[in-house]
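1. Take a look and give me a structure for this.
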Amino acid sequence: MVMYRYLKTAVSEEITINKSRFIASLFKVTDTNEIVAILEQLKKQHPKADHFCYGYVLADNRIQKYSDDGEPQKTAGWPILDVLHKNNIDDCLAVVVRYYGGINLGAGGLTRAYRTTIASAIKASQFVEMTVTPLYSLIVDYNINDQLFNLLENKAVITKHEFKEKIEFEYYTFDVDLNNKISDLTGGINPQMITQIKVEIPDKKI
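-> Numbering: from 1, shown residues only. You can find the predicted model right below:
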């Protein structure tokens, strides 16, 4: 099951490592225009900072970018982006503002510092978890409407229930055995997958 996590609200966390201040911020974003505006605002808020390193992911992770902003190559932006990937986070901008403290950390130290700072912000965040799941269609006779409705109500999320010449249902489910149960109930009528949709994962799977 592919799972995506979406930030509920912006979060900021700060860590000091060998006198350098690392301020990590996470923002929920949906397009690159928002990202440009946020970065410009951060630079106004921290005019004396030395680096504004970031990584972002958008559109089911299909769009992504990172920037080391003057730090050695792949010691800042790449670790930030990697932490987003490893935590299945989407539609998010992660920025670390660094105030240099006068002590060189080395490539390994920098990588750990940026990774640790972003990880601390993620730990302090709240997320909505979503997944991509099939949406099913089912058309049945009126005489089994009540039984089928009761089954779907307990084991699925019904997105359509219409009374026409026959009863038309659309639903999605996290119960891997549900479609077999439906086939047994309907005498061999099998649900048809019509598309895939992204839905929130419930605390307790239905």
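
2. Could you measure from Leu39 over to Leu26?
-> 13 Å (CB to CB, to the nearest Å). Quick note: C-beta positions are derived from backbone N, CA and C, even for glycine.

3. Settle it for me: which of those two has more neighbours?
-> Neighbour totals were compared for Leu39 and Leu26, and Leu26 leads with 23 against 18 (other CB atoms under 10 Å).

4. Against Gln126, how distant is Glu170?
-> 31 Å.

5. ah, wrong one, I meant Thr195
-> With the distance defined as CB to CB, Thr195 ends up 29 Å from Gln126.

6. just Gln192 next, same as before
-> 37 Å.

7. Provide the strand pairings for the lengthiest strand in the chain, with the direction of each partner.
-> The residue-count maximum for a strand in the chain (DSSP state E) belongs to strand 127-140. In the sheet, strand 127-140 lines up against strand 3-7 (antiparallel), strand 167-172 (antiparallel), strand 192-200 (antiparallel) (DSSP bridges).

8. what would these look like in CSV with mean pLDDT and distance to Leu135?
-> What follows is the strands paired with strand 127-140, written out as CSV (pLDDT from 0 to 100; distance: least, CB to CB, whole Å):
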stretch, mean pLDDT, distance to Leu135
strand 3-7, 93, 17
strand 167-172, 97, 5
strand 192-200, 94, 5
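
9. Export these to a markdown table and append columns for mean neighbour count and distance to Asn154.
-> Output for those, formatted as a markdown table (neighbours: other CB atoms under 10 Å; distance: least, CB to CB, whole Å):
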| stretch | mean neighbour count | distance to Asn154 |
| --- | --- | --- |
| strand 3-7 | 18 | 24 |
| strand 167-172 | 19 | 12 |
| strand 192-200 | 12 | 17 |
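
10. Turn these into a markdown table, including distance to Ile182.
-> Converted to a markdown table, those look like this (distance: least, CB to CB, whole Å):
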| stretch | distance to Ile182 |
| --- | --- |
| strand 3-7 | 25 |
| strand 167-172 | 9 |
| strand 192-200 | 11 |
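
11. I'd like to know which of these is closest to Ala119.
-> strand 3-7 (13.8 Å; CB to CB).

12. contacts for the helix or strand following the closest one?
-> Scanning forward in sequence from strand 3-7 by DSSP states H and E, the next helix or strand is strand 11-17. Residues outside strand 11-17 that contact it (CB atoms under 8 Å, 6 or more residues apart in numbering) are 21-26, 101, 105, 109, 113, 116-117, 120-121, 124-125.

13. Could you tell me which of these belong to helices?
-> The helices, defined by DSSP state H, take in Gly109, Ala113, Thr116, Thr117, Ser120, Ala121 from those.

14. number of nearby residues for the last one?
-> In other words, Ala121. Counted with other CB under 10 Å, Ala121 comes out at 23.

15. What of the fourth one?
-> Close neighbours of Thr117, defined as other CB under 10 Å, add up to 27.
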